[in-house]
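Colleague: got a sequence here, can you build the structure:
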Amino acid sequence: TAPASVITTPANSGNYNSLATMSGTSSGDTSSVQISLKNSTDTTYWNGATWGAVETWLSATGTSAWTFTMPALTSGKTYLAKSKATDTAANVETPSAGNSFNYDTAAPSSTVTAPTNGSYTNSLPNITGTGSDTGGSTLDRVELVIKNLVSGDYWSGSAWVVGLSTVNATGTSAWTYANP
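Modeller: Got it, this is the predicted structure:
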């Protein structure tokens, strides 16, 4: 019976802005573990030195707990990591579908659309804006810092407080926050 291996990092459907090491575990009488790393965006494979067109299986360090030093990854790309273990009787695991993950080092951006910068108003029902992420991940949340320029206090979501405080907007690509 062939041994079994599992990739623990990177997690399937994970989003990473740094990733130095792939890691995992294997069970059974494992003598070696190999990994395959595919740049799914560009349909290329890491061969240990460069990205190429042919899938290459590279040796991981360790067996029951194993690691592999990751190459430099490119922001905005999706990758697929697979592993396979071999036991001392030369039985080779059939690799699973693997773990797909996004690598994103680009900071998201957000813009306030209302009120307009420098405007004066005596009534404002909502603070609104837009957000985007060009790095390949989806926006998780939009956080706002609302400061009273007269007192210097910050809105905490329920009261004006001394010291920096953030509040979460509703929505991400088009977001809103009820005026405090």
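Colleague: pLDDT weak spots in this protein?
Modeller: Low-confidence segments of the chain (pLDDT under 70): 124, 180.
Colleague: tell me the residue furthest from the middle of it?
Modeller: Going by CA atoms, centre = their mean, the residue of the chain most distant from its centre is residue 122, 41.5 Å out.
Colleague: which positions in the helix or strand harbouring residue 128 come out as buried?
Modeller: For residue 128, the element it lies in under DSSP states H and E is strand 126-132. Residues of strand 126-132 classed as buried by neighbour count (16 or more other CB atoms under 10 Å): 127, 128, 129, 131. C-beta here means a position set from N, CA and C on the backbone, and glycine is covered the same way.
Colleague: next up, the contacts around the second one.
Modeller: Pointing back at residue 128 there. 112, 113, 114, 174, 175, 176, 177 (CB atoms under 8 Å, 6 or more residues apart in numbering).
Colleague: quick check: it vs residue 176, distance?
Modeller: Distance, residue 128 to residue 176, using CB to CB, to the nearest Å: 5 Å.
Colleague: residue 1 contacts residue 28, doesn't it?
Modeller: Yes - using CB atoms under 8 Å, residue 1 is in contact with residue 28, at 7.0 Å.
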